[in-house]
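Asker: What would the 3D arrangement of this be:
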Amino acid sequence: MARDRKSGAARSPALSRGRILEVAGDLVRDGGAPVLSMRTLGARLGVTPMAIYRHYAGRDELLVALLDEEFGQVAWPELPEPGADRAVEVLLMLHRELAERPWVLDALTRGDLMAPSAASATDDVLGSLLAAGCTPEQAAHRYSAAWRLILGAAQLDARTAQAKRELKRPTVQETVRRDAAGNGLDALARCGSALADQRANFDIRTALVLIVYGAER
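Answerer: Residues are numbered from 1 along each chain as shown. Alright, predicted model coming up:
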């Protein structure tokens, strides 16, 4: 930390958008998006909330900037030519990145925020679906269904992992599947083992293929 030349007192680094983003990023990665507030961030930075408002109009603008910075760090894999296979690969990339960033899930499940830079991935998936022969309406429907799948799957996996770490008993789902035959739930009894396998190791690639290659009726 720098020191004032005249007084010798320690002083904080100059406040900047970059410094605010750095500390805000530490906050959300440690505690999730809900912990981020101008008051909490100001306390961490050693400034008043008003000092942060000089750089960001509000919490939402700051979250969008954080999301944009986070997506800018994503390394895209080698991809096939535009088409259905490419759409699946881009969607799988998004799922992997979300699974590694729980705080992003917190922010995105609000429903009204996104990283502007992530529009390139949306455009890529839609373009690939159009190249595969979808109409704009079909492309929008399949993209929306796939996005909801990967967002929900990543969130469910994160919450399930946390719950299982804390549980000292079988899950309710496991108990229901175990007792299915005795309760007259014949199909659940027959599929119970397969469901348990999917619960533990969800095959998201196959699920995305079903959506991307599916046909509306």
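
Asker: Just confirm Pro82 contacts Gly127, I think it does.
Answerer: Yes - between Pro82 and Gly127 there is a contact under Cβ atoms under 8 Å: 5.6 Å. For glycine as for every other residue, the C-beta is placed from the backbone atoms N, C-alpha and C.

Asker: Would you map the strands across this structure?
Answerer: Here the chain has no strands by DSSP state E.

Asker: domains in it, as residue ranges please.
Answerer: The chain is divided into the following domains under automatic domain parsing: 17-72, 84-212.

Asker: Not counting the lowest-mean-pLDDT helix or strand in the chain itself, show me its contacts.
Answerer: When the helices and strands of the chain are scored by mean pLDDT, DSSP states H and E, helix 102-108 comes last with a mean of 86. With contact meaning Cβ atoms under 8 Å, 6 or more residues apart in numbering, helix 102-108 is reached by 28-29, 31-34, 63, 66-67, 70, 97-98, 113-114, 151, 154-155, 158.

Asker: Residues touching stretch 93-101, excluding its own?
Answerer: By Cβ under 8 Å, 6+ apart, the residues outside stretch 93-101 that reach it are 70-71, 74, 76-77, 104-105, 108, 121, 147, 150-151, 153-154, 157-158, 204.

Asker: Can you turn the buried part of those residues into a PyMOL selection?
Answerer: To isolate the buried subset of the contacts of stretch 93-101 in PyMOL, counting by 16 or more other Cβ atoms under 10 Å, use the following:
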select buried, resi 70+71+74+104+105+108+121+147+150+151+153+154+157+158+204
